[in-house]
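Asker: predicted model and sequence below, questions to follow.
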Amino acid sequence: MNSEAAAAISLLSAEAVRTRAQRMLALALNDKLSEFRVDLSKLDATAERVIAITRNAYPALDIPFHSRWRHFVVDGVDRFAEIAKAAAWKDEASRARAAFDLAIVSVFLDAGAGAQWNYTDKVTGKRIGRSEGLALASLDMFARGAFSATTGDPLRVDAVALSRLSAAHLADGFQVGADNPLVGLEGRAALLRALGALVEGNRAVFARNDSPRPGGLFDRLASLAKDRVIAAPSILSELLHLLGPIWPSRLSLGGVPLGDCWRHAAMTTSDATSGLVPLHKLSQWLAYSLIEPLQGAAFTVTNIDGLTGLAEYRNGGLFVDAGVLVLREPQRASQQHDVGSPLVVEWRALTVALLDRLAEIIRGQLHMNAVELPLAKILEGGTWAAGRAIARELRPDGAPPILVASDGTVF
């Protein structure tokens, strides 16, 4: 392995995300960033806002983990659980593979939908937008076998079915039309086709106990567990190494694709990774979402706080709207910014670092420790919901405070 490839691999971890995010925060606190200032005096009030939102949703503070599974619950009914009751999986591993299939595809379809798109729920008739709508649409497609190529087994995702998935097919499943546009439709379809091709081409990982399917990753993780114990950062590491090649052409180093990783001139180091800021938002969202299927198959997942907060517009929007993050040029908020721009890279990295600081304040105010209240619960309780709530208070459409041009594969 050449030195550049080794340097690249060092960025494919939650630790790298956290370390560089903290460096970005240190730069901000030293007034050395071009786009943002940080006002830490606003963090206590932000923590109080998050705690109020959390107590309203979970009065006993019995908070579940932040994951895709929360979005499959509609009006208190767990739609996936209802589907699973009627399924004929032969054992826990079979169920886990199906859950992995669903989680992987649903998360990869979970980049921002845009303010105009909604999904009409066939059960309640409600029009549901954003992440919850995307989740329900993907679940409905999964339930009717839209991702299966196996006769008599609709509740699965087959590599061959993904490889031939068209944007039109996805548009039909997501009820997309001229009056219901979905941001990044082509990008989403291309991402799933790339996933299908990668899974088909790596049978050693994804077809250990079945035909090639994303859910074969369950068997890979099971093989890495020791005494049925696996650490959450190890889940992310596998995701980044195995699925990294599916992302659109962005940055690579030493022939290693870096995924959700961006350039920022202030992030200087003494090696080949100088100027690079890893964030890995969707991969971390997926890592969080694979914890429960593993637990359901009698595995123990440790060091969940080894993952970071998610660098996305609800968590990031919370800090901007609450005054913790302050644009040096306020008028820039009304302009649209590329996801690779210095402004967005700063915003996202600072969000990750500030979530760690906010978590400590929240635990202190609630007299709880990191074991009792891990970051995954603070996100769910939590910061994501508070970001959405404050956005609705300040803007009629609940849009984030900063506009980002998305291709459907990042936010």
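Answerer: Received it, and whenever you're ready, just let me know what you need.

Asker: where along the stretch 201-350 of the chain do the helices fall?
Answerer: 203-206, 217-224, 232-243, 281-296, 313-321, 342-366 (DSSP state H, counting those that start in this stretch).

Asker: those helices: which one's closest to N303?
Answerer: Using Cβ to Cβ as the measure, helix 232-243 is the one of these that comes nearest N303, at 5.5 Å. The way it works is simple: take the backbone N, C-alpha and C, and place the C-beta from them, glycine included.

Asker: next, the angle helix 281-296 makes with that closest one.
Answerer: Between helix 232-243 and helix 281-296, the angle comes out at 120 degrees (axes from the mean of the first three to the mean of the last three Cα atoms, to 10 degrees).

Asker: which elements pack onto helix 232-243?
Answerer: Helices and strands touching helix 232-243, by 3 or more Cβ pairs under 8 Å, 6 or more residues apart in numbering; DSSP states H and E, are helix 14-29, helix 185-201, helix 217-224, helix 281-296, strand 300-302.

Asker: of the helices of the stretch 201-350 of the chain, which stretch is the most buried?
Answerer: Sort the helices of the stretch 201-350 of the chain by mean neighbour count, taking mean count of other Cβ atoms under 10 Å, and helix 313-321 sits at the top with a mean of 26.

Asker: export the helices of the stretch 201-350 of the chain to CSV and tack on mean pLDDT and distance to A386?
Answerer: Compiled in CSV, these are given as follows (pLDDT from 0 to 100; distance: least, Cβ to Cβ, whole Å):
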stretch, mean pLDDT, distance to A386
helix 203-206, 97, 38
helix 217-224, 98, 32
helix 232-243, 96, 23
helix 281-296, 95, 18
helix 313-321, 96, 5
helix 342-366, 98, 10
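
Asker: of all the ones you listed, which one is nearest T19?
Answerer: Here helix 342-366 is closest among these (Cβ to Cβ), at 9.8 Å.

Asker: taking helix 14-29 as reference, get the angle to the closest one.
Answerer: For helix 342-366 against helix 14-29, the angle by the same axes, to 10 degrees is 100 degrees.

Asker: please enumerate the strands of the protein.
Answerer: Using DSSP state E, the strands of the chain run over 36-38, 73-74, 77-78, 118-120, 127-129, 229-231, 252-253, 256-257, 261-263, 276-278, 300-302, 325-327, 336-338, 403-405.

Asker: of the ones you listed, which stretch is the most buried?
Answerer: Comparing those by mean neighbour count (mean count of other Cβ under 10 Å), strand 276-278 ranks first with a mean of 26.

Asker: list the helices and strands that strand packs on?
Answerer: Packing partners of strand 276-278 (3+ Cβ pairs under 8 Å, 6+ apart): helix 14-29, strand 261-263.

Asker: pLDDT of that strand, averaged?
Answerer: Per-residue pLDDT over strand 276-278 has a mean of 98.

Asker: and the contacts of that strand?
Answerer: Residues outside strand 276-278 that contact it (Cβ atoms under 8 Å, 6 or more residues apart in numbering): 11-12, 16-17, 20-21, 24, 251, 253, 258-264, 267, 345, 349.

Asker: what does stretch 172-185 give?
Answerer: Outside stretch 172-185, the residues that touch it by Cβ under 8 Å, 6+ apart are 111-114, 116-120, 134, 137-138, 140-141, 146, 167, 170-171, 188, 406-409.
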